[in-house]
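**Q** what follows is a predicted structure for the sequence shown.
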Amino acid sequence: MQKGYVIKRILYTIFIFFIVVTLNFFIPRIGVEDPAERYYPPQGNMTDVEYDIVKQLTREQYGFDVSTFQQYIRYLNDLFHGDLGTSFQAGSPKVADLIASRIPWTLVLSVSTLLIGLFLGLLIGSYAAWKRGQRVDTAVLNASTITTALPAFFIALLLSLYLGFEWELFPAYTDPNMVASFDWSWRSISLVASSAALPIISMAIGSVVSYAQNTRNSVIAVSNEDFILTARAKGLPSRQVLYKHTLRNAMLPIVTNLGMSVSGLIGGSVVIEQIFNWNGMGTLFLNANNTNDYPLMMGIMLFLSLFALAANLVTDLCYCLLDPRVTVGGSR
Amino acid sequence: MTDKTMLKVENLKVIFPNAAGVVRAVEGVDLTVREGECVAIVGESGSGKSVTSLAVMKLLNSPPAVTRVDTLEFDGRDLRQATEKEMLDIRGKEMAMIFQDALTALNPVMTIGHQLDEVFIRHQHMKKKEAKQASILALRLVGVPSPERRYSDFPHELSGGMRQRVLIAMAFACNPKLIIADEPTTALDVTIQAQVLDVLKNMQREHSTSLILITHDLSVVAHMADTVYVMYCGRIVEKAPLKELFHRPLHPYTEGLLAAVPRLSEENHQFIQIPDAVPNPMHKPAGCTFHPRCRYCTQQCRDKMPPLQDMGDGRQVRCWHPLGGPNLTEDALQDGSVGKEAGRYE
Amino acid sequence: MKRFFSRLGSALWDALKGIGRFVAKLWAHPKGRIGLIIAGLLVICAVFAPPIAPYAPYDVTPRAEKGLSPSWAHPLGTTITTGQDIFSMLIYGTRVSLVVGITTGLATAFLGALMGVLTGYVGGFVDMLVMRIVDIMLVIPTLPLTIVLTNLFGKSYFMIIFIFTLFGWTGLARVVRSQVLVLKNSNYVRAAELAGAKRSHIMFRHILPGVSHLLIMSTALTSAGIMVAEAGLSFLGLGDPTAISWGKMLADAQSGGALLFGHWWWIMAPGIGIFLSVFAFMRIGLAMEEIFNPRMKQSSGLYKLFKNLNNTYLQEVFDSMEEDRLEEKVKPEPTEEREPAGVS
C-alpha cells in the first residue's frame, strides 16, 4: 500500500467532511431570517410581545445572539470537542449522548443484516455461478427481480402479521423496556435476540438476494478472464480454481460497495425500526422529527454522514490491501 | 527431434451452437507432433488456431463448445477416454500452455511466486518452502533477473517481457512433454519479442519438449518452427516442413501470406495483400472456403471443397490447383505451366 | 442562452420520437412486453380511477361497514378505522405512485444527462467540480435528509420529487459521462469539430443521441426505485397527508389494527400494488438493457439451448464437414486452366 495514496485519501475525506458539516450547519437556517423562529415557531395564543421575549430566550439558549459567522465558528469548535448540541427533549440531554445510547441498538440490526446478507449472499451467489444456467441459478435471478420490487417494510409487515401475530413465533413488537432494563443477563440477551429476529429477517431478505446476484454476476465475469484459463491449464482442480482465483477477484467489487451498504443500512432501517418499535437511531430520528427537535435531527444527520465517510475510507483502504494494482490517485 | 509421435490428432471438429445458428470453428483438423518437434500453426485470427489448441488440452467448456475427434493420442495415451481427473494430472505436468497476453493470463491479485508455486505443489507435491526454491530456480532459468525479489512481485509490477518469461517458466515448471504456446509474443515489442522467443527456443531445445506454436506472425515461424500447418477457416490448407513452405508455397493462401511480409532484399517490391477478410464463421462460403479471396478461383473451387492432398516430402495441400513446383502432378509438369508463375509479383 | 434552450428543445423532441421506436422494440421483447402490459394497466387505473373505483375512496360515511372482509360489494373489504372501501383506495393510490415515480424518473434522466454530457464533453474544471459534488451527495443519507427537508418546507409530493431528483442523478451522470468520453473521441465528433461546429451543436446533435438509450433505460429503472422510496416515505407519513397512496394505506393498516385482527387483505392490497408497479418498470428497464446491450443477456439462454440441442442435428453439422474426406480419391486437376483473377 502506498503511503501517498493513504494520506491523499484521508485529506480528501476531511475536506468532504468539512463541506458536509457546513451544509449541516446551514440547512436549518434555510428560509428563515432568525433561526429562533424555526427552533421555536409562534404559538397561536401568544402575543407579539410575548413571542419576542420567547425568541430572545431561544436566541440566548442556542447561541443565536451572535453573527452567523460566529455561530458557525462556535459550531465547528463544539464539534471538534465532540459536542453535537443540546436536544429539545426534557432535561436538555446532549445530542451526542442520545446518539451514543441508541447507536448500539441500530448496529445490532444493521450489522447482523449485513453479515447474514454477505454470508448467505456470497454462498448462494457463488453456488449459482458454479451451477450456471441450472435451476439454482435461474432461481436466484428470479428472486432478485421479485425482492427488489418488494419494499423491505412490506416484507416486515407480512412477517409481523404471520410470524408475529398469527403464529406468535417472534414478538411482533419490541418490549419498550428492553433497552432500559438491558443488563447482559441471559434473559436480556435472548429477549433482544427474539425481538430483533423479525426486523433482521425483513431487512436481510433483500440483502441476501442482492448480494447473491452481485456475487453471481461478478463470479461469472471473472471466470471468463484469461487467468482462470491459465489456472485450469496448470491442472488445478476446478474447486481450487474457484476458491483461490475466481472468488478472490470476484470479491473486489463487492468489497468496494461494503462501506456504502453499511451506512445505507443504518439510514434505511428507519422504517423497519418504526414498524417493530425498535429503540434505535431510526425511532430517535422520527421522534425528533415529530417534535421539531432540530439539534437532534441535524446531529443524527451529521453522525450518519460521518459514519458513511468513515466506512468509505476504511473500505477504500482495505481495497488497497486486497488489490495490489491500486496506485497513487486510485487509478488501476 | 525423434521419430516418436507425441501428439496425434485426427479429424478434430469443434462447433459453437448459439441461438442464431452454428459457428463452425474447427472443421476436421489433423495434426501430428513428434517428440522435440516445433510445429507452428499459422493463420489469421478467427481461423480456429486457438480453439484447436484448447481442444487438445480438453479445456473447452461445454457449453458453449461441442467437440468431436476421431483420434486424440498424447504420448501413446488416448485422451478421448481420459476422465477430467486424469486430465487434471496431465495438464500443467505433461502438457502445458503459454497464453498470449501475460497481463491478463496472470492473476492480478496474486504474486507471481505464488502462482508458480501452485504448479509445483499441485504436481510435484512439494511443501510451500520447497516450492518457493523451485519457483525461484524456474524464474532464473528463463532469465528473470534477481528472481528472489521478483518472486513476491505482482504481475502488474513486471514489464511485458518479464511477465511472458514468468508464463514460460510456469509452462516448463514440471518439464512437460508438450507445450502449446498461443501467440506467445504478439503482445510484446519487437525487440522483446526476439528475446522471449530465444528463451522459449532454448528452453525447448534443452528439455527436448514438443512445442505447438500458434501465431499469425511468419517471422516467428521462420525463427522457431520445424513443420508448419497453415489454417484457414477452421481447416488445414497446407502442411509443409519450414524451408519448403517458405521456398515454394503450394496454396494460394500461403503464397499470399508470404507475399504480405515485406522483404528488403527484393527491389521494387510491391506490398501484396490478400483481398477482403476472413469470412464470417457462421456463413462460410460454399466450395473451397478460400475461393472468394483467391485469384486463381475456378468454377470447381466454387462448387467443391478440395481434399487435403498428399504432395510427397511430408507436404500436404488443400487446393484444386496447387501452385507450381517440383512436386506437382505429372500432367502439370509436362505441359510446362511450372515456372510461369515466377516473377508474377514483380 | 436562448439558442441553448431551443437546441435542448429539439433534442427533447428527437428523444420523444425515439421513445415511439423503443416502445415497438420493447413489445417485441418478452420481458419488455410483460412490463408494458402491467404498466399500461396501471396507467389506465390511474387515469380512469373515478369510473373504475366502485366507491369514493375518501368516503368515510358508511360507518356501519367498518372492517368488512372481502365480498362482492367490497372486493377487498373495508378499513377497520373508517370503513373506506379498500379496492377503491387501491385504484386511486396508483395515481401517486405513477406520478411521483415517472416524474422523478424523467427529471433524473434530464439532470443526469445534462451533468453527464457537461462533465464528459466539457471536462476540466466543470468535471472536477461535479465529481466533488457527487462525492458529497454520496455521503449524505437521503432518507433522513428528505425527512428534515419535508419538516422544514412542508409535506408534499413536490418536495419528494425534488429531493429524489437532486440526489438521484449521480449514477446516471457517471454512466453518461463515460459513454460521452467514448463518443467524444469518435471520428464523427472529431470531424464535426474540425468542420467548425459549435460545442452546443455537437453536444445536442451528435453526443446526446448517442446516449439516449441510456436515458430511457434509466428513466424506467429510476421510476421503479422511486416508487419503492415514495411508498416508504408515505408509510412514514411524510407524503401529502390529504392524498391516498399505497404507502399511507400500509401505515393506516398497521396503525388501524390490520395486523392484530389478521386482516391480511388490507396489507396485501397496497403491497401488491407497489410490487406490480415497481416490477413493471423494472422489467421495462431490464428489457431495454438487453436490447441495447445484447452481451448483458443472461447466459442461461445458452444453457437452455444446450439442453435442447438435437443430437441428430449436431451429427448433421459434423457430417457436413466430412464432404472433402469422402472424396479422398479425387486428384487435383491439371493446373493449365488456372487463370489469375481478381487482384493483381
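**A** Yep, that arrived. Everything numeric here is computed off the predicted structure, so don't read it as measured data.

**Q** so residue C:281 is in which element?
**A** helix C:264-292 (DSSP states H and E).

**Q** any residue of that helix up close to chain B?
**A** No - between helix C:264-292 and chain B, judged by CB under 8 Å from any CB of the partner chain, nothing touches; the nearest distance is 12.8 Å. Quick note: C-beta positions are derived from backbone N, CA and C, even for glycine.

**Q** off-centre distance for that helix?
**A** Computed by CA atoms, centre = their mean, to the nearest Å, the chain-centroid distance of helix C:264-292 equals 10 Å.

**Q** touching the next helix or strand after it from outside, list them.
**A** Next helix or strand after helix C:264-292 toward the C-terminus (DSSP H and E): helix C:300-307. Residues outside helix C:300-307 that contact it (CB atoms under 8 Å, 6 or more residues apart in numbering or on different chains): A:132, A:133, A:134, A:137, A:138, A:141, B:17, B:18, B:19, B:62, B:63, B:64.

**Q** most neighbours out of the residues you listed, which is it?
**A** residue A:137 (22 neighbours; other CB atoms under 10 Å in any protein chain shown).

**Q** could you measure from that one over to residue C:279?
**A** Going from residue A:137 to residue C:279 by CB to CB, to the nearest Å gives 20 Å.

**Q** now residue B:141, nearest residue through space, not along the chain?
**A** The shortest distance from residue B:141 to any non-neighbouring residue, by CB to CB, 6 or more residues apart in numbering or on different chains, is to residue B:169 (6.7 Å).

**Q** I'd say that neighbour and residue B:136 touch.
**A** No - the criterion here is CB atoms under 8 Å, and residue B:169 misses it with residue B:136 at 10.0 Å.

**Q** per-residue confidence at residue B:177?
**A** pLDDT recorded at residue B:177 is 91.

**Q** oops, could you answer that again for residue A:126 instead?
**A** Residue A:126 carries a pLDDT score of 90 in this model.

**Q** thinking again about what came up before, who are the packing partners of the helix holding residue C:281?
**A** Applying 3 or more CB pairs under 8 Å, 6 or more residues apart in numbering or on different chains; DSSP states H and E, one finds that helix C:264-292 contacts helix A:135-149, helix A:152-159, helix C:2-28, helix C:30-47, helix C:86-117, helix C:208-235, helix C:246-255, helix C:258-261.

**Q** now render those helices as JSON lines, adding distance to chain B and mean pLDDT.
**A** Listed next are those as JSON lines, based on distance: least, CB to the nearest CB, whole Å; pLDDT from 0 to 100:
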{"stretch": "helix A:135-149", "distance to chain B": "13", "mean pLDDT": "85"}
{"stretch": "helix A:152-159", "distance to chain B": "34", "mean pLDDT": "88"}
{"stretch": "helix C:2-28", "distance to chain B": "15", "mean pLDDT": "78"}
{"stretch": "helix C:30-47", "distance to chain B": "13", "mean pLDDT": "88"}
{"stretch": "helix C:86-117", "distance to chain B": "29", "mean pLDDT": "89"}
{"stretch": "helix C:208-235", "distance to chain B": "22", "mean pLDDT": "86"}
{"stretch": "helix C:246-255", "distance to chain B": "39", "mean pLDDT": "87"}
{"stretch": "helix C:258-261", "distance to chain B": "48", "mean pLDDT": "77"}
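
**Q** list, one by one, the residues from the stretch 151-300 of chain A near chain C.
**A** A:151, A:153-154, A:157-158, A:160-161, A:164-166, A:172, A:220, A:260, A:263-264, A:266-268, A:270-271, A:274-275, A:285-286, A:289, A:292, A:297-298, A:300.
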